[in-house]
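1. Okay, predicted coordinates and the sequence, questions at the end:
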Amino acid sequence: MNVVTPFEGIGASLRRKEDFRFLMGRGQYVDDINRPGQTHAVMLRSPHAHATIDRIDTVAAKAMPGVKAIFVGEDMAAEQIGGIPCGWQIHNKDGSPMAEPMHPALALGKVRHVGDPVAVVIAETKSQARDAAEAIVVDYTPLPAVSGTEAALQPGAPQVHDGAPGNLCYDWHIGDKAAQEAAFARAARVVKFETTNNRLVPNAMEPRAAIGDFDSFSGDYTLYTTSQNPHVIRLLMGAFVLHIPESKLRVVAPDVGGGFGSKIYHYAEEAIVTWAAGKVKRPIKWTCERSESFMSDAHGRDHVSTAELALDAEGKILGLKVHTLANMGAYLSTFAPCVPTYLYATLLSGVYATPVIYAEVKAVFTNTVPVDAYRGAGRPEATYLLERLMDVAAAEAGLDKVDFRRRNFILPDQFPYQTPVALQYDSGDYHSTLEACLETAGWAGFEARRAESKTRGRLRGIGISTYVEACGIAPSAVVGSLGARAGLYEVGTIRVHPTGSVTVLTGAHSHGQGHETTFAQLIADKLGVPTANVDIVHGDTAKVPFGMGTYGSRSLAVGGSAMDKAMDKIIAKGKRIAAHLMEASVEDVEFERGTFRVAGTDKTKTLTDISLAAYVPHNYPIDEIEPGLEETAFYDPKNFTYPGGCHICEVEIDPETGRTEVLNFTAVDDVGRVINPMIVEGQVQGGVAQGIGQALLEAAIYDASGQLVSGSFMDYTMPRAGDLPDVGVATHVTLCTHNPLGVKGCGEVGAIGSPPAVMNAVVDALRDYGVRHVEMPATPQKIWGIVNAHRLAAE
Amino acid sequence: MPQVTLTVNGTKHTVEVEARTLLVETLREQLRLTGTHVGCDTSQCGACVVHMGGDSVKSCTILSVQCDGSEITTIEGLAAADGTLHPMQEAFREYHALQCGFCTPGMVMSAIDLVNKHPDGMSEKEIREGLEGNLCRCTGYHNIVKAIAAAQDVMHGRVPELVRAAAE
Ligand code: FES
Ligand code: FES
């Protein structure tokens, strides 16, 4: 039965196994799950950005129909419930640790952002819980608030935390300052560029949800949650917040409707419903409403940066200096501190052989929702800064922007390439992705298209970005030394059943990535088991031994490699069993795609023969080998992986309305070996859509008092089908040199490479107006203002 | 409490609802048809789209009491009893028009109505404009547009079966 058509293995655009249930309405997202006797929770959230809580009166609310319980911060504090922990500790320039203020699950005495949860109401129905939440009376004394990234460090700014003087979380740096200064002293030209990386709301289409369940007989807790990494949630919530041992806490992340980073983190609501389920002895479901998501899901980006690039007379880069302020929001989310440091500043060499780099990063607290990793996490910010700077520098030095890039590329024979900011790139071929992208995008013919647009009164522009990024953050020992409080390996178990079908348990989590298909292809390719006979199990701590989850484009590079290692163990054991059955020596047994063969003979056994023998060990070397055919591997990578490539965008601006239309978008990416090209294309297209959204449409805007102005889909401009172009995707492969699959990761490249390509195109379209820079998002209002100012000046 | 009678996917149900109960709440919570999703609270995302009397409606924006006596089709009611997918479902799978699947039920229901209302077919640009009421955060819409373009030819009988996507 185990015969694999060659088209199921690595390289096949296999249609997805998971699609049937999603297309037929049979997905099981958290809100689709209903536990017997389930109650419903509603969070009462702060309407103020910053205030003291003087009194909470729940008497009337508690008496309302259906209400089971109402809890406030003091109720949790009374039981020594811990704060929501941060998973990464950054150290300041002077070696002291960052400021790490307590983050209570329910506010204690003070609220620090609009949306900070103040109380939880548990009732028989959601409507009853909502009604009761409205009946709670909270007396607040509003305090002055600070929401802007730069404003947070101003003298006299309102203080978000007593334990973080001046709102400074950390003041960190990387690189060699003296070398950077020496390089700048020799420079023929220094180009300075300042920019803001706009704050974004990830907005996965499925709102967060959590169900807490407690079995009072066994004392076991179960949390169903919209998470990208259930084991990490179990670890953080169990060990640091609720003090429940792993053996008594199960975390299930079933089908999850998109994450993009926002569902990595341990959120207060998870701890609240789990803890409260133990109190009311009933399951409790909480489902976020979209307007709540806006003010409680971690946001992304929000940097203010200054960069200076030193060039010699020939246009070679001599050095780079960067200063960045990063907004952490009101509390430290799980991975927040590492995003503007080890995922950002370490990427500032980009694809260029920049000899010296010095970067300083200050992270600040503000009265806003916590900010953490959002698709790309630090690498989009670095790529945007660098690729806009490259265009600005080329223009000022009078160089062609493509030649300027080529002139400074790291060359194929320079790999492995050690950057001055800690990373060692293992492989890449930036010239090939560049040339392929220029060709596909028709770069050479652009001026003719621009002239044609002009005849219609439109402004056409073309923009390029050449980028590299870092995925599969690792190895554990290194990230540990940099402040990670967890390891960053992955776990895979391969269970070959007696009759040869396979169950894979993986610590990676799929929330749109298509793991059930791609991972099955890995098994088909190596073990020769048809994908129809391979089941991928993920997202349940009771089933999967352990895992670190899915983020940073790590699932295939780290999780897939763990499966590959586990398959090696299966094959090694299978060879010993096969040797016994075929009366040969183990060294003589070969394995290929499901068949064990005694080398040079026609004696063979199938994987199914071996699995059957392993589970029915009648004729079996029982003194030497245990029965069964199941193996687990933990894979801790040796390095990051480094996808890279080139994105080119062509836009047309209508000067009458200021509207920018993206006409074409071309991506040529090197994501390493491609397992399923169809899925890779889809991942890149989705990432590009989010990148175009950042460049042209999206911004989370707080007013000076800390109110979130763009707090719904009415105000926050999500990209719709009519806002986006077709996205052409191609790949050019160089293999990752240090993982067994040669894969690099494709989930984030689209969101990383695209924003500067779009913005370089927008600035190019406005080149006749002498525009040096336009901040994201390039909304019609902003562009119209630029065009109109130019017109007025010309009159 | 008011009682309403709905025929959902061919089955008649009589349920008690509050005056404020939304159709999506009746479908998801009372009838346990959880294929219809809720993605927002401002009628913006289209995750909740179902057909009522053959027209697409946002089930988060209509009260159950307004639906008394109506015929509703949800994503669960599209495929044939033997599991054969509707051409739109088949096209979404063939063209990889879904990733996380959360927007998918609403997207498919909207797309079918869109195709039905354009018997002469739509250009890709028209399809993009027609999807104004549906948000997808995963796909960038590229493959959704391709899928709808391919499905409309099957639904209008212009081709006997779905044209396969280029990717092999
Ligand atoms: S749930 Fe968003 S439009 Fe209905
Ligand atoms: S497939 Fe995830 S939102 Fe559309």
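-> Here it is on my side, so go on. Ligands and ions are numbered 1, 2, ... in the order given.
2. Check which residues of stretch A:617-636 are buried.
-> Going by neighbour count (16 or more other Cβ atoms under 10 Å in any protein chain shown), the buried part of stretch A:617-636 is A:620, A:629, A:630, A:631, A:632, A:633, A:634, A:635. Glycine gets a C-beta too; all of them are placed from N, C-alpha and C.
3. Endpoint to endpoint, that stretch covers what distance?
-> Its start and end residues considered, stretch A:617-636 measures 34 Å (Cα to Cα, to the nearest Å).
4. what's next to it, contact-wise?
-> With contacts defined as Cβ atoms under 8 Å, 6 or more residues apart in numbering or on different chains, stretch A:617-636 is touched by A:474-476, A:487-496, A:505, A:545-546, A:558-559, A:561-570, A:573-574, A:576-577, A:580-581, A:610-611, A:613-615.
5. Give me the subset of those residues that lies in helices.
-> Counting by DSSP state H, the members of the contacts of stretch A:617-636 that fall within helices are A:476, A:561-570, A:573-574, A:576-577, A:580-581, A:610-611, A:613-615.
6. Model confidence score at residue A:525, please.
-> The model reports residue A:525 with a pLDDT of 95.
7. Residue A:14 is in contact with that one, correct?
-> No - using Cβ atoms under 8 Å, residue A:525 is not in contact with residue A:14; the gap is 10.9 Å.
8. Overlap in contacts, those two.
-> residue A:8.
9. count of residues packed around residue 67?
-> Answering for chain A, as no chain was given. By the criterion of other Cβ atoms under 10 Å in any protein chain shown, residue A:67 has 21 neighbours.
10. Chain B was what I was after
-> There are 25 residues near residue B:67, going by other Cβ under 10 Å.
11. do the same with residue B:16
-> 12.
12. For it, give me the backbone phi and psi.
-> Per-residue torsions, residue B:16: phi -90, psi 130 (degrees, to the nearest 10).
13. same thing with residue A:168?
-> With angles defined as degrees, to the nearest 10, residue A:168 sits at phi -90, psi 120.
14. swap in residue B:55?
-> When read as degrees, to the nearest 10, the backbone of residue B:55 gives phi -100, psi 150.
15. In this structure it contacts residue B:113, no?
-> Yes - at 6.3 Å, residue B:55 counts as touching residue B:113 under the criterion of Cβ under 8 Å.
16. Okay, and the closest residue to ligand 2 within the stretch 1-150 of chain A sits in which element?
-> Closest approach between the stretch 1-150 of chain A and ligand 2, counting by Cβ to the nearest ligand atom: residue A:22, at 8.0 Å. For residue A:22, the element it lies in under DSSP states H and E is helix A:19-23.
17. pLDDT (mean, whole number) over that helix?
-> Mean predicted lDDT for helix A:19-23 stands at 97.
18. returning to what we had before: what's the closest of the buried residues of stretch A:617-636 to ligand 1?
-> residue A:635 (40.1 Å).
19. Just give the nearest non-adjacent residue to the residue of chain A found nearest chain B, would you?
-> Per Cβ to the nearest Cβ, residue A:25 is where chain A lies closest to chain B, at 1.9 Å. Residue nearest to residue A:25 in three dimensions, not counting chain neighbours: residue B:35, with 1.9 Å by Cβ to Cβ, 6 or more residues apart in numbering or on different chains.
20. how close does that neighbour get to residue B:48?
-> Per Cβ to Cβ, to the nearest Å, residue B:35 is found 11 Å from residue B:48.
21. I figured residue A:55 hits residue A:136, correct?
-> No - the pair residue A:55 / residue A:136 is not scored as a contact, 10.8 Å apart, by Cβ under 8 Å.
22. which residues touch residue A:438?
-> For residue A:438, the contacting residues are A:402, A:444, A:464, A:646, A:648, by Cβ under 8 Å, 6+ apart.
23. Just the buried ones from these?
-> A:402, A:464, A:646, A:648.
24. The last one touches residue A:461, doesn't it?
-> No - with contact defined as Cβ under 8 Å, residue A:648 does not count as touching residue A:461 (11.3 Å).
25. Can you report how many residues lie near residue A:449?
-> 16.
26. Leaving out sequence neighbours, find the closest residue to it.
-> Leaving aside its sequence neighbours, residue A:449 sits nearest to residue A:460 (Cβ to Cβ, 6+ apart; 6.0 Å).
27. Just grab the bridge partners of that neighbour for me.
-> Note on residue A:460: beta-bridge partners by DSSP bridges are residue A:652.
28. Surely it touches residue A:447?
-> No - Residue A:460 lies out of contact with residue A:447 (Cβ under 8 Å); the separation is 9.4 Å.
29. Which of the two has more residues huddled nearby?
-> Between residue A:460 and residue A:447, counted using other Cβ under 10 Å, residue A:460 has the larger neighbour count: 22 against 11.
30. OK, contacts around that one?
-> Counting by Cβ under 8 Å, 6+ apart, the residues that residue A:460 touches are A:446, A:449, A:450, A:452, A:453, A:454, A:650, A:651, A:652, A:653, A:663, A:765.
31. Mind checking which of those residues land in helices?
-> Per DSSP H, the contacts of residue A:460 map to helices at A:446, A:449, A:450, A:452, A:453, A:454, A:765.
32. Would you mind writing the ChimeraX command to select the buried ones in the residues you listed?
-> The ChimeraX command for the buried members of the ones in helices among the contacts of residue A:460 (criterion: 16+ other Cβ under 10 Å) is given here:
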select /A:446,449,450,453,765
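33. count of residues packed around whichever residue of the stretch 151-300 of chain A sits closest to ligand 1?
-> As assessed by Cβ to the nearest ligand atom, ligand 1 sits closest to residue A:290 within the stretch 151-300 of chain A, at 7.3 Å. Neighbour count of residue A:290, defined by other Cβ under 10 Å: 21.
34. what are the phi and psi values for it?
-> The phi and psi values for residue A:290, taken as degrees, to the nearest 10, are phi -60, psi -40.
35. Name the SS class of the closest residue to it other than its chain neighbours, please.
-> Nearest residue to residue A:290, sequence neighbours excluded (Cβ to Cβ, 6+ apart): residue B:40, at 4.0 Å. Under DSSP: H, G, I helix; E, B strand; the rest coil, residue B:40 falls in the coil class.
36. what pLDDT does residue B:40 get?
-> 97.
37. so who does it touch?
-> By Cβ under 8 Å, 6+ apart, the neighbours of residue B:40 are A:290, A:712, A:713, B:47, B:60, B:135.
38. ok but residue B:127 is inside a helix, no?
-> Yes - counting by three-state DSSP, residue B:127 is found in a helix.
39. That one touches residue B:150, doesn't it?
-> No - using Cβ under 8 Å, residue B:127 makes no contact with residue B:150, being 10.7 Å away.
40. So which residue is smack in the middle of chain B?
-> Residue closest to the average C-alpha location in chain B (Cα atoms, centre = their mean): residue B:109, at 1.6 Å.
41. Leaving out the residues flanking it, which one is nearest to that residue?
-> In this structure, residue B:109 finds its nearest non-sequential neighbour in residue B:49, 4.4 Å apart by Cβ to Cβ, 6+ apart.
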